[in-house]
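Chemist: With the sequence up front, the predicted model follows.
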Amino acid sequence: MKGDAAVIHVCEALASGILRVVPALADETVVAGIPTVVVYGRRPETPEDMSEWFDPRVRLVPVDGWGDRSAVGGCVGTVRAAVALRRELSRFHGGVLHLHSTYAGLVGRLVPAPGWARFYTPQGYAFLNGSHPRGLRWLTLVAETALAPRAHTIACSRAEGAVAARLARRHGVSVVQNGVDGELAEPAGVAPAGEGFVVASVGRAAYQRRPDLFVEMRALLGEDGDTAFHWFGDGPDRELLVGAGVAVSGWLAQRDAAAAIARTDVLVHFSAFEGLPLSLLEAMRAGRAVVASDLPAIREVVDDAGILVRDAPEAADAVRRLRADESLRAELAARAHDRAERLFTKRAMVERTLATYGL
């Protein structure tokens, strides 16, 4: 027999920023007594034990092979995800179906779901990814345009909302900015002694985060023995970073990542395209001075609380300024903490999302 209405989240890769968003939303509804399900795939950075991230009442449904980006593996994983989603939909009378990122948006908007209110959060449209072949980007744009009317888009930034509005053609679009919780609510103090001046970046070492620009910036800053360069995370471009003398940590647990951010003097966030970066928000809330790519979504986050740059030479100049001027570094760090705490909280993100659901 079918149960009551439920909330089902679907995400092809439960990792990185999405792993900050989905548990916050799922835990809120399950605590309120609403049956809540998460259908997900895995990437190398997905934690092995997902139960540690969710309230135990959240039903977790892993999809074997979903997250494999090879041509055959991707197709097989997508079919398995569609089967798993249809099975979960059939267990309830209806409710809310929230699709997170491109692959989930494709599956969840194609699978029949009568009685379900569908919502889609791109978290960075795939057709903006310049590392993909032009033909694939074009196909992704066509698919997004064709499928936009089949779900209400919840954009994670005003910049993403503007793109969604052009695709949706008068269909529903809301903006709910990403937010981070209070674990890093108090700004970190001075980075501990031992490594000198620490310049770091956080995230997946892949095209979107432009590790090539981090390497170029590191070369421009030279071989100053008192400056350490770190990348907190991992990814396919790991060896590019290691070969340039950047220390790559591998994937860290959330608490360890927070501690690593607190040890930095400057957090550099290069990006090729964005939804709204949670790693940047976490650095701001931790009270770190930030240097970031001058993109619309990042301007929306940083405003005057950091230094925005267009390329690696500008980033190197910004790091030199911050290293030489401790008072500027402290001022920007304080502004960043205040801005993140006022405008980008997990509580606001959850409440606005549930209001958009109609809950």
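Modeler: Done, it's in.
Chemist: Do a quick rundown of the helices in the stretch 101-250 of the chain.
Modeler: Using DSSP state H, counting those that start in this stretch, the helices of the stretch 101-250 of the chain run over residues 102-110, 134-147, 158-168, 211-221, 238-243.
Chemist: Convert the C-alpha atoms of the fourth one to PDB, please.
Modeler: So the one you mean is helix 211-221. C-alpha atoms of helix 211-221 as PDB (Å, rounded to 0.1, in the frame of the first residue of the first chain):
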ATOM      1  CA  PRO A 211      43.700  24.400 -10.900                       C
ATOM      2  CA  ASP A 212      45.800  25.500 -14.000                       C
ATOM      3  CA  LEU A 213      45.300  29.100 -12.800                       C
ATOM      4  CA  PHE A 214      46.400  28.200  -9.300                       C
ATOM      5  CA  VAL A 215      49.500  26.600 -10.700                       C
ATOM      6  CA  GLU A 216      50.200  29.700 -12.800                       C
ATOM      7  CA  MET A 217      49.700  32.000  -9.800                       C
ATOM      8  CA  ARG A 218      52.000  29.900  -7.700                       C
ATOM      9  CA  ALA A 219      54.700  30.200 -10.400                       C
ATOM     10  CA  LEU A 220      54.300  34.000 -10.500                       C
ATOM     11  CA  LEU A 221      54.700  34.200  -6.700                       C
END
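Chemist: Kindly provide the whole-number mean pLDDT of stretch 82-100.
Modeler: Mean per-residue pLDDT for stretch 82-100: 96.
Chemist: Buried residues, that stretch. List them.
Modeler: Buried residues in stretch 82-100, defined by neighbour count with 16 or more other CB atoms under 10 Å: 82, 84, 85, 88, 89, 92, 95, 96, 97, 98, 99, 100. Just so you know, the C-beta spots here come from the backbone N, C-alpha and C atoms, and that holds for glycine as well.
Chemist: Just those residues: which are in strands?
Modeler: Using DSSP state E, 95, 96, 97, 98, 99, 100 are the members of the buried residues of stretch 82-100 that sit in strands.
Chemist: Would you mind putting the residues you listed into JSON lines with distance to residue 9 alongside?
Modeler: As requested, those are exported to JSON lines (distance: CB to CB, whole Å):
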{"residue": "95", "distance to residue 9": "11"}
{"residue": "96", "distance to residue 9": "9"}
{"residue": "97", "distance to residue 9": "8"}
{"residue": "98", "distance to residue 9": "5"}
{"residue": "99", "distance to residue 9": "8"}
{"residue": "100", "distance to residue 9": "6"}
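Chemist: packing partners for the host helix or strand of residue 315?
Modeler: Using DSSP states H and E, residue 315 sits in helix 312-324. Using 3 or more CB pairs under 8 Å, 6 or more residues apart in numbering; DSSP states H and E as the contact test, the elements touching helix 312-324 are helix 211-221, strand 266-269, strand 289-293, strand 307-309, helix 326-343.
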